[in-house]
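**Q** Fold the following for me, if possible:
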Amino acid sequence: YNTEAFKKNGVKQIICLSPHDYDTFIHYYDDIKDEIEIKHYTQVLWELMENNKIELKRSYEKKVTYHDPCYLGRRNNIFDEPRKILKKIPGIELVEMKLAREEAFCCGGGGTNLFYRIPEIDIDLRRVEQAKETGAETIAVACPICLRMLNDAVKSKGYEMNVLDIAQIVNEVMK
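**A** As a prediction, this is how the structure comes out:
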């Protein structure tokens, strides 16, 4: 039904906020891939920034580490655009976690961990520990599930860190 609605309404591009949605469209909607351009929002945001279509009016004077979402990074090889966005923002000192890009830990939101904590695993707590080791004040993400999981983990650990979506950071420096 979705593909019929897209075609009927002349949809030319789908911009996904969630890496899971992006993955679904890229890998399971074969009947529209040739007609409709599918992008994750970080790809679009980077294109706009690269072409000076977004004016950054303020700086973000913080040390930031980026968490690679599983479905954006390892599954779909989108590693560079999120980092390019962060590097373009004045004031950001981007620091990588030991396990980044292809080797990045999951946020813990996969499976049932989003709804039911499995104490033996606590992968989200381990991930924020890795972020803390970098000295970062902010963990940047590009996935709503990662945002929730890592925010909860930061609170559980009692860390003085922000977890923000890249779009939130860009919005903050555009004001």
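
**Q** Could you use CA atoms for every contact and neighbour count after this?
**A** Noted.

**Q** is it true that residue 48 lies in a helix?
**A** Yes. Residue 48: assigned to a helix according to DSSP: H, G, I helix; E, B strand; the rest coil.

**Q** With adjacent residues omitted, what lies nearest to it?
**A** In this structure, residue 48 finds its nearest non-sequential neighbour in residue 54, 6.1 Å apart by Cα to Cα, 6 or more residues apart in numbering.

**Q** so who does the residue most central in space within the chain touch?
**A** The centroid of the chain falls nearest to residue 142 when counting by Cα atoms, centre = their mean (1.1 Å). Each residue near residue 142 by Cα atoms under 8 Å, 6 or more residues apart in numbering is listed here: 17, 18, 19, 42, 67, 68, 69, 82, 165, 166, 167.

**Q** hmm, back to that, hmm, the residue nearest to residue 48 is touching residue 46, no?
**A** No. If you go by Cα atoms under 8 Å, residue 54 and residue 46 don't touch, sitting 9.5 Å apart.

**Q** Could you list the domains of the chain?
**A** With domains defined by automatic domain parsing, the chain comprises 2-49, 56-174.

**Q** most packed of those domains?
**A** A comparison of these by mean neighbour count, using mean count of other Cα atoms under 10 Å, puts domain 56-174 on top with a mean of 18.

**Q** and that one, how far apart are its ends?
**A** End-to-end distance for domain 56-174, by Cα to Cα, to the nearest Å: 5 Å.

**Q** what pLDDT, on average, does it get?
**A** Here domain 56-174 scores 90 as its mean pLDDT.

**Q** Check stretch 29-45 too.
**A** Stretch 29-45 comes out with an average pLDDT of 92.

**Q** Which residues outside it are in contact with it?
**A** Contacts of stretch 29-45 (Cα under 8 Å, 6+ apart): 3, 11-19, 22, 25-26, 81-82, 85, 142.

**Q** any idea how far residue 13 lies from residue 32?
**A** 10 Å.

**Q** before we move on, what about residue 66?
**A** On the measure of Cα to Cα, residue 66 and residue 32 end up 31 Å apart.

**Q** ranges for the helices of this protein?
**A** 2-8, 19-28, 41-50, 80-88, 123-133, 144-157, 166-174 (DSSP state H).

**Q** packing partners for the first one?
**A** Helices and strands touching helix 2-8, as assessed by 3 or more Cα pairs under 8 Å, 6 or more residues apart in numbering; DSSP states H and E, are absent.

**Q** Alpha carbons only: can I get that helix in PDB?
**A** This file holds the C-alpha atoms of helix 2-8, laid out as PDB (Å, rounded to 0.1, in the frame of the first residue of the first chain):
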ATOM      1  CA  ASN A   2       2.800   2.500   0.800                       C
ATOM      2  CA  THR A   3       4.400   2.200  -2.600                       C
ATOM      3  CA  GLU A   4       1.100   2.800  -4.300                       C
ATOM      4  CA  ALA A   5       0.500   5.900  -2.200                       C
ATOM      5  CA  PHE A   6       4.100   7.200  -2.900                       C
ATOM      6  CA  LYS A   7       3.600   6.700  -6.700                       C
ATOM      7  CA  LYS A   8       0.100   8.100  -6.700                       C
END
